[in-house]
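Trainee: pasting a predicted model and its sequence here:
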Amino acid sequence: MTISAVLLSQTGRIVQTPQMQSRYMSAITSALPRSRSLNLIRGCLLAANFSNHPDQLWREEMIRLIDSLTKAEPDIRVEIWWSMLGQSSELSIEDDVDFAKICFLVTPVEPYLSAGALEDLLSSEQLDKWSLAARSNHSKADRLDKALSQTLRPCKKRKRSSEVETNPEQLLKGILPDFVPQTDNLEALLARE
């Protein structure tokens, strides 16, 4: 399988028509789980970066390829991720192929691209734009939210509310309204801190 994987990577130069690109993507998709993916990096890079085409078979094959790439070895996924990053500002939620690429981009590639690294590399404006655009389509919004929830983890630091009173006496009265503190006891407790 190694020789055929290398040959498949080399045949990219002759793949010019949408029909040939569809066949090429199908062959790459079939080869990914069967061979050592590292031999297919060039072929995957070529196929993943084909310009979008309106042909239905082409679109189905591209979506299948991207879905199979999400299950590929991390070594190949990280290469594809970096190549797709350059397209990120041009991707549209409304286009199914672009949407598959967006979901691929917002999914961490451990151990190379953690969720925190993705937050740094993908601009928050871009992520917000995609989230806002996905709201018009519930299934896409759900899928994108699920992918983003893996990427965007909430900060674990506890933040204080701006409404919290800083006066300990007022805090106690808020919790225990019937509590009447004795001045000397409260001052003694505060002095310990």
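Mentor: Received the coordinates, thanks.
Trainee: counting contacts, what elements does the regular element (helix or strand) spanning Lys140 pack onto?
Mentor: Per DSSP states H and E: Lys140 is located in helix 138-151. Secondary structure elements in contact with helix 138-151, counted by 3 or more CB pairs under 8 Å, 6 or more residues apart in numbering; DSSP states H and E, are helix 96-105, helix 115-121, helix 124-134. In this view, the C-beta of every residue, glycine as well, is placed from N, C-alpha and C.
Trainee: just the residues contacting the longest one, thanks.
Mentor: This points to helix 124-134. Applying CB atoms under 8 Å, 6 or more residues apart in numbering, the contact partners of helix 124-134 are 88-89, 91-94, 102, 106, 140-141, 144-145, 148, 152.
Trainee: list the buried residues for the helix holding Lys140?
Mentor: The neighbour-count check on helix 138-151 (16 or more other CB atoms under 10 Å) flags 140-141, 143-144, 147-148, 151 as buried.
Trainee: again with stretch 18-34
Mentor: So for stretch 18-34, counting by 16+ other CB under 10 Å, buried means 18, 21-22, 24-29, 31-32.
Trainee: okay, now Trp58: neighbour count?
Mentor: 21 (other CB atoms under 10 Å).
Trainee: check which residues of the helix or strand containing it are buried.
Mentor: Using DSSP H and E, Trp58 sits within helix 56-69. Buried positions in helix 56-69, judged by neighbour count with 16+ other CB under 10 Å: 58-59, 61-66, 68-69.
Trainee: give me the mean pLDDT for the helix holding Lys140.
Mentor: Rounded to a whole number, the mean pLDDT of helix 138-151 is 79.
Trainee: one more: stretch 21-31?
Mentor: 92.
Trainee: what's the domain layout of this structure?
Mentor: 1-80, 86-154 (automatic domain parsing).
Trainee: Throw the ones you listed into TSV and include distance to Pro177, thanks.
Mentor: Formatted as TSV, the domains of the chain follow (distance: least, CB to CB, whole Å):
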stretch	distance to Pro177
domain 1-80	55
domain 86-154	33
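Trainee: for Gln170, find the nearest of those domains.
Mentor: domain 86-154 (29.1 Å; CB to CB).
Trainee: confidence score at the residue nearest the centre of the chain?
Mentor: Centroid-nearest residue in the chain: Val106, 1.1 Å away (criterion: CA atoms, centre = their mean). pLDDT, Val106: 92.
Trainee: my read: it touches Leu144, true?
Mentor: Yes. Contact criterion CB atoms under 8 Å: Val106 and Leu144 qualify, at 7.3 Å.
Trainee: what angle separates the host helix or strand of Ile80 from helix 96-105?
Mentor: Using DSSP H and E, Ile80 maps to helix 74-85. Interaxial angle of helix 74-85 relative to helix 96-105 (axes from the mean of the first three to the mean of the last three CA atoms, to 10 degrees): 130 degrees.
Trainee: may I see the buried residues of helix 74-85?
Mentor: For helix 74-85, by 16+ other CB under 10 Å, it's 76-81, 84.
Trainee: fine by me, we can end here.
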